[in-house]
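# Any chance you can model this:
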Amino acid sequence: MLIAGFPAGAWGTNCYLVAPAAGEECVIIDPGHRAAQGVEDTLRKHRLKPVAVILTHGHLDHVASVVPVCGAYDVPAWVHPEDRYMLSDPEKALGTVIGQQLMGELTVGEPDDLHELTDGARLRLAGLDFTVAHAPGHTKGSVTFRMPEAADVPQVLFSGDLLFAGSIGRTDLPGGSHDAILESLARVCLPLDDSTVVLSGHGPQTTIGQERAANPYLRQVAAGQEAGAPAPRRGM
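Numbers count the residues shown, from 1 in each chain. Below is the predicted model:
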């Protein structure tokens, strides 16, 4: 399996391209702010053909390039219905101060072919399987995408802004909830094997085992009690 990722835009949001191998079809995850050129370069480098865009949530730093990317390659996109409105109205999701900083350079709106994600859905795209888990807290419509273990490749979780290396996504924007994100961590992340590779919306790669041992928020939900000084949270 090939997973090529790069940080894009003002927030360094990770955009991922996932394929069975170089020279094959691929899925694009979270083409965010200023990600279109990086997508084009990665497609060319690995000789990939995109067939779909899937979105972990609707914040601007994860979806700002979805319209131009879907339009350029004539592919559909998937988003959870709770976050669908953010594609057309990013200011409502982020607040006027954050939204207005970038509105002049964005193409807002929905791509021509848009589908809605549901909890537990299984997507078969580019010959790959993705299991969707609804994981609210960062936003009401946040999801993760899990790919099963195969051959010598461990299970992979594309966690969006639910779980980072050493931290979690912020919950102080519209639709955010600290209680909800802790519940999502307990339900979505804790049951996974320690070997599961976590590819987050921001920051470096990690594993469930590493986060179970060191992440103060995951430790909190595992222990069922308040954690000590939590790490700074990332994301928009």
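
# Which pLDDT value goes with Ala150?
pLDDT, Ala150: 81.

# Show the end-to-end separation of stretch 31-49, please.
In stretch 31-49, first residue to last residue: 15 Å (Cα to Cα, to the nearest Å).

# swap in stretch 189-201?
15 Å.

# repeat for stretch 7-21
OK, stretch 7-21 end separation, Cα to Cα: 21 Å.

# what does stretch 187-202 give?
End-to-end distance (Cα to Cα), stretch 187-202: 21 Å.

# contacting residues around that stretch?
3, 5, 7, 11-14, 16, 30, 56, 62, 133, 135, 144, 146, 154-165, 169, 205-209, 211-212, 218, 221-222, 234-235 (Cβ atoms under 8 Å, 6 or more residues apart in numbering). C-beta here means a position set from N, CA and C on the backbone, and glycine is covered the same way.

# Show the buried residues in these.
The neighbour count (16 or more other Cβ atoms under 10 Å) marks 3, 5, 11, 13-14, 16, 30, 56, 62, 133, 135, 144, 146, 155-165, 169, 206-208, 211, 218, 221-222, 234-235 as buried among these.

# So which of those belong to helices?
Those of the buried ones among the contacts of stretch 187-202 mapping onto helices are 62, 208, 211, 218, 221-222, per DSSP state H.

# Closest one to Gly120 out of the residues you listed, please.
Closest to Gly120 out of these is Ile208 (19.4 Å), distances taken as Cβ to Cβ.

# contacting residues around the closest one?
157, 189, 192-196, 198.

# Now do the same for it: its pLDDT.
Ile208 is given a pLDDT of 98.

# Pull up the gap between it and His59, please.
Ile208 is 24 Å from His59, where distance means Cβ to Cβ, to the nearest Å.

# Off-centre distance for the host helix or strand of Val53?
Element membership for Val53 (DSSP states H and E) is strand 49-54. Offset of strand 49-54 from its chain centre (Cα atoms, centre = their mean, to the nearest Å): 14 Å.

# Which of the contacts of Ile208 fall in strands?
If you go by DSSP state E, the contacts of Ile208 have 157, 198 in strands.

# before we move on, the earlier item: can you give me the buried ones in the strand holding Val53?
For strand 49-54, burial by neighbour count (16+ other Cβ under 10 Å) applies to 50-54.

# ok, now stretch 31-48?
31-36, 38-39, 42-43, 46, 48.

# and what of stretch 69-86?
Buried residues in stretch 69-86 (16+ other Cβ under 10 Å): 69-70, 73, 75, 77-80, 82-86.

# In helices, which of the residues you listed fall?
69-70, 73.

# will you turn the residues you listed into TSV that also has distance to Leu182 and pLDDT?
Shown next, in TSV, are these (distance: Cβ to Cβ, whole Å; pLDDT from 0 to 100):
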residue	distance to Leu182	pLDDT
Val69	33	97
Cys70	34	97
Tyr73	38	98
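
# Nearest to Cys26 among the residues you listed?
The closest of those, once distances to Cys26 are taken by Cβ to Cβ, is Tyr73, at 10.1 Å.

# gap between the closest one and His57?
Look at Tyr73 and His57: by Cβ to Cβ, they are 22 Å apart.

# just Val69 next, same as before
In terms of Cβ to Cβ, Val69 sits 17 Å off from His57.

# And the nearest residue to Ala222 once chain neighbours are set aside, its phi and psi?
Among residues not flanking Ala222 along the chain, Leu190 sits closest, at 6.1 Å (Cβ to Cβ, 6 or more residues apart in numbering). Phi and psi for Leu190, reported as degrees, to the nearest 10, are phi -60, psi -40.
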